[in-house]
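Enquirer: just a sequence and a predicted model for now, questions to come.
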Amino acid sequence: MTPDIIFGALWGLLSSPSTMGLMLVAVVCGLLVGVTPGIGGKLSIAMAIPFIYGMDMIAGAVFLLTLHAVNGTSGQISSIMFGIPGDGDDAATVLDGHPLAKQGQAARALGASITASGVGGILGACVFALLIPVLKPLVLSFSPAEFFLISLLGISLIAFLAGGDRFVQGLIVGFWGLMLATVGMDQQTGTPRYAGDFLFLWDGVSLVTAVLAMFAVPEMLTLSARGTSIAAQAPAGERITYRQLLAGVIEVPRHWFLTLRTAIIGAVVGIIPGLGGSAAAWLCYGHAVQSSRHPERFGKGAIEGVIAPESASNAKEGGALLPTLFFGIPGSSGMAILLSAFIILGIQPGPMMAVQHLDVVWSLIWALVIGNLMAVAILLVICRWVSVLTFVNGRILVPFILIFIGLGCYLGDFNWQNLILLVVFGAIGYGFLRAGWPRSPFVIGLLLGPTAENSLQQALQIWGPGFFLRPVSLVLIALIVMIVVAAARRQWRGQARSFEAGE
Amino acid sequence: MTVSTAMTAALLVVFTAMVIIATGFPAGARFMPMVIGIPAIALCLVQLWLDWQQRPARPRSRKSAELGPHTVAGEVRAWGWFAAFVALVLLVGFVIAAPALVFGYLWREAGVRPWRAALAAAVFTGWIWGMFEYVLGFALHPGLWGGAILAAVGVQ
C-alpha cells in the first residue's frame, strides 16, 4: 500500500468534476431521503440502482456509498424535534435530543447531532483505513478450503446476532440463499440446475432482483400498509436559528474525546456483521452515561447524549464496509443492497479487493470522508427548511419507489422474467418480515454461494476431505461451533424462563 | 399455526423438492444442492419441533417488530397494487404502467386530488421516459401490447 494509491484515489475524486457532481447529487438526495419518514438507506439505494447501469465503476460506487452514508446524518431531525425516531439508529438520540428541543434548544441539539454524525462518519472511514494493513495479510492467508467455511461462519454469525432468539430461522434463511445460488448452469458439468427450459435462469437468479425482492419490496409494502406521516403525530416544531446551530456545532470539539471514543466503538460494531446501527448507538449512549461525571443529567437534555449515539451510528458505516468489501459479508440489509449494486458495477467483493482493487477501496474511504464533510456543511445550512420534509406522508412515495424497483430489476439484463421473480421472491421476503425472521443471512448465502461451491470443490480436489483439518479451517470451525453452542444455550434458557413463568 | 411455522413448513417443502430434483443431476452437479439441501431440511425439521415445543408459550400471531401497526386489508391492498403494476408492465410496458400506478395509487391510497395525481403521473412518466430512453439510452420494457398501443395513439 503506497501513498500513490492512497492520495491518487483522493486526487482521482477531487479532479473529476463529474464524480464530484455525482457526490453532490448523492449528498443532497441522501439527506432529503434520510429526513423523509419511512425511507431508509435501503430504499434510497434501491431507487438509485436503475441509474447506475453503465456508470463508471468508481463513480457509481462513490455515488451509492455517499447516498447510503449520509442518510443517517439527516435522520435524527425528527428524533430531536418531535421525539419520533426516523429509524432504529436514531432511537437513542431521542432520549436527550427531544428534551433539549422541549427546553427551546432544538437548534443546538441539531447542530451537535449533525456535526457529531459527520465527524463520526469521517472517523469510521479512518478506522477502516487503519485496519487495512492489519487485515490484508489475514485476508490473503485464506485458501479455497476456508471460503466455504467463511460463508457458513458469516451466516451463523448474522443469524446469531441479528436473529435474537431466531437463530435456526436465520440459518434456514442463509441456506435458502445458498440454495438459490445453485440455480443455473453448473460450471463443472454444464448441467442447467433447476433452470429447465427457462433460458434466463441458466445464468442463475439475478442477484439484484433477489436482493430487491428480499429487502426493498417488503419495506415498500410495509410502508404502504402502514404509512403515516410524523405530522399526524407531532406538535409543530420551533424555529431554528443559525446562532443556536453554531452553539451545537461547538459542542462536538468541546467533547472531542467522547466523539472519538464513540466513533471507534461504532466502527468496531460496524465491522461485526449483524449488530447494526441501533446496537452501536445504544452501546455508545450507555458508554456516555457511564463515563460521565454527572450521569443524572442524561435523559433530561445532556448534549453528550446526542453526540455519542450520532457519532457511533454514522461511524459504523466505515466499519461495515470492511466485511462487505473484503469478505462479501454485508453487515446490514442496507449494505446487502449496496453490495449487490457494487457487483452490477463490476466490483467483486473478496480478498482480491485488498490486492487488485485497493484504488477502489481508497476511493470509497475518501468518498465517506468527502461525503460526510459535504453533508454536514449542506445540512447545517438547509436544516431549517429540510425539517419540513418530516411532515411528508411516506405513502405518497410508494408508487415512485415501486417503479424504481421494477426498473432496477429489469434493466440489469433486460429480462422481463425478472419482474415475475420479483413478485415470487418478494412474497417470500415479505413472509420473512411478517414472521420476524432475519433476512441478512439470505444475501450472504446468495452472494457467497458460487464462491463457496467452487472453493469446496477445489479444496476437495487439493486436500481431499481432510481439508477441514487445516489450522485456519479448524479455527473457523471452532468459531462456528461456539456460535451454535451459544445460540442453543440462549434458546434453552429462553425456554426455561418461559416454563418457570408458567406460560 | 403462526406465520413463522407456516414459513418453515413452506421452506421445508421447497428444500425437499430441490433435493429430490437434485438426485436427477449428474454427480458433480448434485453435490452442492445436497450439501446445502440436506442440512436445510434438518434445520426446518428442528424449527418445526421447536415451534411445536413452544406452542403454549408463544402468542398465536407473533408479529414482527419491524412491521409495526398495520391492517390485513392494508397489506392485501399493497400487494394488489404491486401485483397489478407488475402485470401491467408485462402487458403494456413501463411507459403506460408507470403513470397508471402513480395516478391510481396517489388518488385511491394516498388521498391526493385526482388532478394533482394526474399531473404527478404525467411529469414523472415524462421524466422517466426522457431519462432512460434518451439520456441513458436504455430501452424500457414495451410489454406485450405497449408498443402497439403507443403507436396507435401516435406517441411512438
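Expert: Ah, there it is.
Enquirer: and chain A, is the longest helix along chain B touching that?
Expert: Ranked by residue count and defined by DSSP state H, the top helix of chain B is helix B:27-53. Yes: using Cβ under 8 Å from any Cβ of the partner chain, helix B:27-53 reaches chain A at B:28-29, B:31-33, B:35-37, B:39-40, B:43-44, B:46-47, B:50, B:53. All C-beta atoms are positioned from the backbone trio N, CA, C, and that covers glycine.
Enquirer: right, and the helix or strand after that helix?
Expert: helix B:72-92 (DSSP states H and E).
Enquirer: where does chain B have low pLDDT?
Expert: By pLDDT under 70, the weakly predicted segments of chain B are B:56-70, B:156.
Enquirer: ignore what I typed, I meant the stretch 101-250 of chain A.
Expert: Residues of the stretch 101-250 of chain A meeting the criterion pLDDT under 70: A:162-164, A:227-239.
Enquirer: quick one: the strands in it?
Expert: Here the stretch 101-250 of chain A has its strands, by DSSP state E, counting those that start in this stretch, at A:184-185, A:192-193.
Enquirer: pull the longest helix from chain A.
Expert: Using DSSP H, we find that the single longest helix of chain A is helix A:106-140.
Enquirer: that one - contacts with which helices or strands?
Expert: Judged by 3 or more Cβ pairs under 8 Å, 6 or more residues apart in numbering or on different chains; DSSP states H and E, helix A:106-140 is in contact with helix A:71-75, helix A:77-82, helix A:91-102, helix A:242-254, helix A:256-271, helix A:304-327, helix A:358-386.
Enquirer: just say which of the strands of the stretch 101-250 of chain A is most tucked in.
Expert: strand A:192-193 (a mean of 20; mean count of other Cβ atoms under 10 Å in any protein chain shown).
Enquirer: ok, back up a step: and B:Glu133, which of the strands of the stretch 101-250 of chain A is closest to it?
Expert: Closest to B:Glu133 of the strands of the stretch 101-250 of chain A, according to Cβ to Cβ: strand A:184-185, at 30.5 Å.
Enquirer: that closest one pairs with which strands, and in what direction?
Expert: strand A:192-193 (antiparallel) (DSSP bridges).
Enquirer: run the chain-centre distance for the partner strand.
Expert: Centre-to-centre, strand A:192-193 and its host chain are 33 Å apart (Cα atoms, centre = their mean, to the nearest Å).
Enquirer: list of residues touching it?
Expert: Contacting residues not belonging to strand A:192-193 are listed as A:182-186, A:201-202, B:22, B:25, B:29, B:33 [Cβ atoms under 8 Å, 6 or more residues apart in numbering or on different chains].
Enquirer: please redo it, this time with the cut-off set to 6 Å
Expert: Residues outside strand A:192-193 that contact it (Cβ atoms under 6 Å, 6 or more residues apart in numbering or on different chains) are A:182, A:185-186, A:202, B:29.
Enquirer: residue 93: what's it in contact with?
Expert: Looking at chain A here, since you left the chain open. A:76, A:79, A:306, A:309-310.
Enquirer: my bad, chain B
Expert: Counting by Cβ under 6 Å, 6+ apart, B:Gly93 makes contact with B:141-143, B:146.
Enquirer: what subset of these is buried?
Expert: B:141-143, B:146 (16 or more other Cβ atoms under 10 Å in any protein chain shown).
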